[in-house]
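In: Test case, fold it:
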Amino acid sequence: MNSAVYNQITKDGAKVVMIDGTFPDVPRCGVPDEQVGQLAIKQLGEPAKAKIAGDWKGKKLLIAGMTAPNCGPCDARVKAAFAQAKADLGVGDGDTFMLTPAGQDPTSASQSTFADFLTAHPDNVVLRCSTGSSVTRWRTRRAGSPAGAAS
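Out: Now for the predicted structure:
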């Protein structure tokens, strides 16, 4: 929301509450973007560590963060997930990748962007953070499994 939208909404006394967003002096509800990204990694920490010690042993773990064009909240969620993955899973700076699909279709554009990423990293294990609206979804892919296959 910007000032012009806010002024138009409130010119007749309407009240505004932001959901998963912020605007100066406007009450809000929801989870802060950074906390959403951190929570995604925290939820996967122990299962990912078990996989790294087992099925994924010897494979390089990459974190692919799917964002959207001009989406500051999406970027904040992914960056917080990267920081948490570095702390909890020991991934390095070179092991995190911010993926921004081209175009306006978030479904097909993100699918092809992620498929291209998997094709470029066939020997790695990829943990994918996808943020859109206020939802964070995580998928994993074992090295050698078909693109789009989760494990």
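In: use CA for all of it now, contacts and neighbours both
Out: Will do.
In: quick one: average pLDDT of the longest helix along the chain?
Out: If you go by DSSP state H, the chain has its longest helix at helix 33-53. In this model, helix 33-53 has a mean pLDDT of 86.
In: same for it, what does it pack against?
Out: helix 72-89, strand 135-141 (3 or more C-alpha pairs under 8 Å, 6 or more residues apart in numbering; DSSP states H and E).
In: now the first one, how far from the centre of its chain.
Out: Remark: helix 72-89 is offset 7 Å from the chain centroid, using C-alpha atoms, centre = their mean, to the nearest Å.
In: What pairs with whichever helix or strand comes after that helix, parallel or antiparallel?
Out: The first helix or strand that comes after helix 72-89 along the chain, using DSSP states H and E, is strand 96-99. In the sheet, strand 96-99 lines up against strand 61-66 (parallel) (DSSP bridges).
In: Let me know the angle separating the partner strand from helix 72-89.
Out: 170 degrees (axes from the mean of the first three to the mean of the last three C-alpha atoms, to 10 degrees).
In: Mind listing residues that contact strand 61-66?
Out: The contact list for strand 61-66, computed with C-alpha atoms under 8 Å, 6 or more residues apart in numbering, reads 78-79, 82, 85, 91, 95-101, 110, 114, 124-131.
In: hmm, back to that, is it possible to get the helices and strands packed on helix 33-53 out as CSV so that each row also shows distance to residue 43, mean pLDDT and mean neighbour count?
Out: Putting the helices and strands packed on helix 33-53 into CSV (distance: least, C-alpha to C-alpha, whole Å; pLDDT from 0 to 100; neighbours: other C-alpha atoms under 10 Å) gives the following:
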stretch, distance to residue 43, mean pLDDT, mean neighbour count
helix 72-89, 11, 92, 21
strand 135-141, 10, 42, 16
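In: export those to TSV and tack on distance to residue 66?
Out: Formatted as TSV, the helices and strands packed on helix 33-53 follow (distance: least, C-alpha to C-alpha, whole Å):
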stretch	distance to residue 66
helix 72-89	7
strand 135-141	10
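In: Determine which of these approaches residue 34 most closely.
Out: helix 72-89 (5.0 Å; C-alpha to C-alpha).
In: Check which helices and strands that closest one sits against.
Out: Counting contacts by 3+ C-alpha pairs under 8 Å, 6+ apart, helix 72-89 is packed against helix 33-53, strand 61-66, strand 125-132.
In: If we use 6 Å, what do you get?
Out: Judged by 3 or more C-alpha pairs under 6 Å, 6 or more residues apart in numbering; DSSP states H and E, helix 72-89 is in contact with helix 33-53.
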